[in-house]
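J.: model this:
(3 chains)
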Amino acid sequence: MIALVDCNNFYVSCERVFDPMLEGRPVGVLSNNDGCVVARSNELKALGVEMGTAMHLLPPAIRRQAVLLSSNYALYGDMSQRVTEVLGEFSPHVEVYSIDESFVGFQGFDPDSLEARGQAMRDTVRQWTGIPVCVGFAPTRVLAKVANQAAKKHPAYKQHGVCKLTADSEATKALLKQLPVTELWGVARRTGERLSVMGIDTAWDLREADAKRIRQRFSVVQERIVWELRGQSAIQLDDMSLPKKQIMVSRSFGRLTGNPHDLREALRHHAARAAEKLRKQQSVTSAVMVFLRTNPFRTDLPQYQQRVVVSLERPTDDSRDIIASAVQGLRRLWRKGYAYHKAGLMLLDLSPKANRQLTLTETPQTDEEAKRSERLMATMDKLNRELGKGTVQLGLPRKGNAWALRSERRTPRYTTQWNELLVVK
DNA sequence: TCTGGGGTCCTAGGACCC
DNA sequence: TCTGGGGTCCTAGGACCC
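T.: Just a heads-up that it's a prediction; the model follows:
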């Protein structure tokens, strides 16, 4: 059996831990630039606010009633780690799936003990971190997702917040029969439309469908879901500790800008962030893709969207090389006369730094150069880690630049910044 | 005025090889 | 009328996830 542990309204719950006044009120957390709602408390959901609603489209009445906060990722990331640590007390097999969800393996445990273990896990997370979670047990990941949804919403389970499903029980059958197929993990609108044509509308319909036919019409991905619904494991989760295959950093700007200096600063900044991520997973990159775009929603303005790949002379993890490539890419992309809305970059073609081989065409770097680069980057990372993000930067952004994020309602970073811990209201 | 950011996997199709 | 038969590698694009 495997458990899916999912935090309830995670970002909102994090905020509530540090401000109990938010309890019982409609609370929403906004995306970057305070653009749209990305997390909602149950009270806000009850007011009919959908996930992803643009801030400026929220009815004024709701805006008055609700507490809307800028996102505080430093806080959420730290809280997430604390939750994961608690889960580790209950099983050696914890796979972190996202910031607010983990799969926890319970192979070899007495099946009859699981509900009690789930309950204990839930209580302990709540007590030690303040975050409410729900737990779904099932033989496969897709069913564990279904169980977790039931633990959150279904009248029969939500009081305890724990639900255990076996593959073939009547309870499972009943649940799958009333579950629209698009609410399954891995089935979204597009696939749902095509399944509907085949007369498959509920999760149960999909479970009973001919797996081969599903594979022919769709792909192995959909076929695996059929097997998982029947209780046969077909989905392996990537080991989250594996290095990423690509690293992206991009942001929409606080306001539109056509100024090349703004774009250059933004991209330098993103490139430095990407290089940090790269070093953290001990990889090197040999190509940087840079992209630039105008705001697609502003149909009244001329549109431009372009990307370019810049190859590096040699695979590297040195911020200076990566920043230089980003700036070079920008020079090739930038056109006069557009109001840009977003810029970013992606590090491609990543490989492990250890034992890397010289390519045929590269100019070898002297040992001395390599060591200097190594020391400089390690020192920068250490200072930023220990003294706070942005302590050391390559070039300083100007004040009041157009690309800086708008984040007007952010709560203090209680758990990661000493100087924000004490807040007098 | 204002619409997030970061990932993964799979498939199809083209280029190229022998 | 007829124009082989496999392979591999790479890229673009679709679909999905949180």
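J.: neighbours of whichever residue of chain A sits closest to DNA strand B, just the number please.
T.: Closest contact between chain A and DNA strand B, by C-beta to the nearest atom of the strand, is at A:Ser31 (2.8 Å). C-beta here means a position set from N, CA and C on the backbone, and glycine is covered the same way. Neighbours of A:Ser31 under the rule other C-beta atoms under 10 Å: 16.
J.: and what of A:Val181?
T.: A:Val181 has 22 neighbouring residues, counting by other C-beta under 10 Å.
J.: Please verify my assumption that it contacts A:Leu195.
T.: Yes: if you go by C-beta atoms under 8 Å, A:Val181 and A:Leu195 touch, sitting 5.6 Å apart.
J.: which residues do the two both contact?
T.: Residues touching both A:Val181 and A:Leu195 by C-beta atoms under 8 Å, 6 or more residues apart in numbering: A:187, A:201, A:205-206.
J.: Within reach of DNA strand C, which of those residues are there?
T.: The residues of these that also fall near DNA strand C, by C-beta under 7 Å from any atom of the strand, are A:Val187.
J.: Could you turn the buried ones of the shared contacts of A:Val181 and A:Leu195 into a PyMOL selection?
T.: Entered in PyMOL, the line below selects the buried ones among those, by 16 or more other C-beta atoms under 10 Å:
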select buried, chain A and resi 187+205+206
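J.: Can I get the shared contacts of A:Val181 and A:Leu195 in CSV including pLDDT and secondary structure?
T.: Shown next, in CSV, are these (pLDDT from 0 to 100; DSSP: H, G, I helix; E, B strand; the rest coil):
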residue, pLDDT, secondary structure
A:Val187, 94, coil
A:Asp201, 96, coil
A:Asp205, 96, helix
A:Leu206, 96, helix
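J.: any idea which element the residue nearest to A:Leu22 when sequence neighbours are not counted lies in?
T.: Spatial nearest neighbour of A:Leu22, excluding adjacent residues (C-beta to C-beta, 6 or more residues apart in numbering): A:Arg16 at 4.7 Å. When elements are assigned from DSSP states H and E, A:Arg16 belongs to helix A:10-18.
J.: counting contacts, what elements does the very next helix or strand once past that helix pack onto?
T.: As assigned by DSSP H and E, the chain's next helix or strand after helix A:10-18 is strand A:27-30. Packing partners of strand A:27-30 (3 or more C-beta pairs under 8 Å, 6 or more residues apart in numbering; DSSP states H and E): helix A:10-18, strand A:37-40, helix A:42-46, strand A:67-70.
J.: most tightly surrounded among the ones you listed?
T.: Mean neighbour count (mean count of other C-beta atoms under 10 Å) peaks for helix A:10-18 among the helices and strands packed on strand A:27-30, with a mean of 22.
J.: For the residue nearest to A:His93 when sequence neighbours are not counted, grab the count of nearby residues.
T.: Ranked by C-beta to C-beta, 6+ apart and with sequence neighbours excluded, the top spatial neighbour of A:His93 is A:Gly105, at 3.1 Å. Residues near A:Gly105, counting by other C-beta under 10 Å, number 14.
J.: next one: A:Ala234
T.: Look at A:Ala234: counted by other C-beta under 10 Å, it has 18 neighbours.
J.: check contacts around it.
T.: The contact partners of A:Ala234, taken as C-beta under 8 Å, 6+ apart, are A:140, A:223-225, A:227-228.
J.: What helix or strand is it located in?
T.: Assigned by DSSP H and E, A:Ala234 falls outside every helix and strand.
J.: A:Val327 now?
T.: Element membership for A:Val327, per DSSP H and E: helix A:319-333.
J.: All the strands of chain A, residue numbers only.
T.: Assigned by DSSP state E, the strands in chain A fall at A:2-7, A:27-30, A:37-40, A:67-70, A:94-98, A:101-105, A:133-138, A:162-164, A:247-257, A:283-294, A:305-316, A:340-348, A:351-352.
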